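Q: Got a predicted model here, sequence first, then my questions.
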Amino acid sequence: SVNAQLEHRMQAVLAESGVERKGAEELERARAATAQLQQELKSAEARTEVELRACTVEFTHSHASASKALAEELQQARSGNSELEHRMHSLLAESGAELKGAEELERASATTAQLQQE
């Protein structure tokens with residue numbers, strides 16, 4: 001009976017240590033998996049940072065190119081406006097001269113008609 005009790009306790013202790021050993025093994029596997037996941041996370045973060053920098057550089061370059069193109073278009077528009085303004089002034093000056101010439105011609109014709117009547 002004492003032997004049976006000791007044997008029963010011994011089996012219980014062995015069962016507990018088997019469970020503890022199994023638990024320790026599972027804990028060790030979980031730690032290894034956690035370490036691997038942490039390493040993968042670091043790698044993913046590093047790749048993301050590199051990709052983000054590349055996107056930032058690309059965006060900055062694209063923005064600079066677009067800004068330069070717009071500045072060139074604006075300069076061309078301004079040049080075109082200056083050209084048009086210059087032509088407009090020339091045409092107005094020519095029109096003024098033609099108008100003045102027409103008025104002088106009209107006066108000369110009137111004077112000539114008057115002189116012919118006299």
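A: Okay, I see it.
Q: Can you read off the pLDDT for the residue nearest to the spatial centre of the chain?
A: The residue at the geometric middle of the chain, judged as the C-alpha nearest the mean C-alpha position with C-alpha atoms, centre = their mean, is Phe59 (4.3 Å). According to the model's per-residue confidence, Phe59 sits at a pLDDT of 90.
Q: Assign it to helix, strand or coil.
A: Look at Phe59: counting by DSSP: H, G, I helix; E, B strand; the rest coil, its state is helix.
Q: quick one: what helix or strand has Ala54 in it?
A: Using DSSP states H and E, Ala54 sits in helix 2-117.
Q: what about the residue lying farthest from the centre of the chain, distance to Ala108?
A: Most distant from the centre of the chain: Glu118, at 85.7 Å, with distances by C-alpha atoms, centre = their mean. In this view, Glu118 and Ala108 are 16 Å apart by C-beta to C-beta, to the nearest Å. Glycine gets a C-beta too; all of them are placed from N, C-alpha and C.
Q: before we move on, back to that, centre of the chain to the helix holding Ala54, how far?
A: Taking C-alpha atoms, centre = their mean, to the nearest Å, the mean C-alpha location of helix 2-117 is offset from the chain mean by 0 Å.
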